[in-house]
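Predicted model, plus sequence, below.
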Amino acid sequence: MTRVIDMTESIAAIKAETEHHFLYIEQKVKYDKSQPIKFEMSYADYRTIQLGLYWEHRDDLLEMFTQAYKDFYKYDSIYSERGQEAFDVAFSDKLTDFKNVKDQLLSVLSLLEQAAASEAGK
C-alpha cells in the first residue's frame, strides 16, 4: 500500500514531546511560555497521524492511538495550558497514573513505527 501521508516525523515528534513533557512535570522544571506552542504543534502531529491512519483504513491502530493520546492529553493539557501549579492541584497524587498513560502512548507510537516499517518493506 502506498502511504498517503508520511507519519514518520509526526510519530517521532509526539514521542519526543511525550517524554519531555512527562519529565518536565515529574522534575517540576520551570514552566516557560513555549509549552503551549509545543503542545499545539504536538496536537497538529496527532491529527496528521489520525488522518494518515484513517486514509489507510487502519481502524484498529486509529482507535488505539486516539484513545492513548486522549488519555495522555487529559494530563498534559493542564500542564501545557496552565502550568505546573495547575497540574499539581489537579493531579498531584496521580503521577504514577500519568506515567502509565505516557508509557501506553509510547507503546502505541512504537506499534505505529513498526507498522510503517513493515509497510515500507513490502
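Looks like it came in fine.

ok, the most centrally placed residue in the chain - contacts?
Among the residues of the chain, the one closest to the centroid is residue 14, at 4.6 Å (CA atoms, centre = their mean). Contacts for residue 14 (CB atoms under 8 Å, 6 or more residues apart in numbering) come out as 42, 45-46, 49, 69, 105, 109. C-beta coordinates here come from the backbone N, C-alpha and C atoms, glycine included.

Just the residues you listed: which are in helices?
Of the contacts of residue 14, the ones assigned to helices by DSSP state H are 42, 45-46, 49, 69, 105, 109.

Including distance to residue 35, could the residues you listed go into CSV?
Shown next, in CSV, are those (distance: CB to CB, whole Å):
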residue, distance to residue 35
42, 11
45, 16
46, 16
49, 21
69, 17
105, 18
109, 20
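
what's around residue 37, how many residues?
Per other CB atoms under 10 Å, the neighbour tally for residue 37 reads 11.

Next one: it from residue 7, what distance?
21 Å (CB to CB, to the nearest Å).

correct me, but residue 105 touches residue 69?
Yes: contact criterion CB atoms under 8 Å: residue 105 and residue 69 qualify, at 6.2 Å.

From the chain's centroid, how far away is the helix or strand encompassing residue 37?
Using DSSP states H and E, the element containing residue 37 is helix 35-55. Relative to its chain's centre, helix 35-55 lies at 8 Å (CA atoms, centre = their mean, to the nearest Å).

which other residues reach it?
So helix 35-55 is contacted by 3-7, 9-11, 13-14, 17-18, 20-21, 24, 59, 61-62, 65-66, 69, 76-77, 79-81, 83, 112 (CB under 8 Å, 6+ apart).

Just the ones of those residues in helices?
Per DSSP H, these map to helices at 9-11, 13-14, 17-18, 20-21, 24, 59, 61-62, 65-66, 69, 76-77, 79-81, 112.

which ones are touching residue 71?
Residues counted as contacts of residue 71 (CB under 8 Å, 6+ apart) are 101, 104-105.

CA atoms only for the lowest-mean-pLDDT helix or strand in the chain - export them in PDB, please.
Sorting the helices and strands of the chain by mean pLDDT, DSSP states H and E puts helix 35-55 at the bottom, at a mean of 89. Extracted C-alpha coordinates of helix 35-55, given in PDB (Å, rounded to 0.1, in the frame of the first residue of the first chain):
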ATOM      1  CA  GLN A  35       5.000  25.000  26.400                       C
ATOM      2  CA  PRO A  36       1.600  25.900  24.800                       C
ATOM      3  CA  ILE A  37       3.300  26.300  21.400                       C
ATOM      4  CA  LYS A  38       4.900  22.900  21.700                       C
ATOM      5  CA  PHE A  39       1.600  21.400  22.900                       C
ATOM      6  CA  GLU A  40      -0.200  22.800  19.800                       C
ATOM      7  CA  MET A  41       2.500  21.500  17.500                       C
ATOM      8  CA  SER A  42       2.100  18.100  19.000                       C
ATOM      9  CA  TYR A  43      -1.600  18.300  18.500                       C
ATOM     10  CA  ALA A  44      -1.000  19.000  14.800                       C
ATOM     11  CA  ASP A  45       1.100  15.900  14.700                       C
ATOM     12  CA  TYR A  46      -1.700  13.900  16.400                       C
ATOM     13  CA  ARG A  47      -4.200  15.000  13.800                       C
ATOM     14  CA  THR A  48      -1.700  14.200  11.000                       C
ATOM     15  CA  ILE A  49      -1.300  10.600  12.300                       C
ATOM     16  CA  GLN A  50      -5.100  10.200  12.700                       C
ATOM     17  CA  LEU A  51      -5.700  11.300   9.200                       C
ATOM     18  CA  GLY A  52      -3.000   9.000   7.800                       C
ATOM     19  CA  LEU A  53      -4.400   6.000   9.700                       C
ATOM     20  CA  TYR A  54      -7.900   6.900   8.500                       C
ATOM     21  CA  TRP A  55      -6.900   7.100   4.900                       C
END
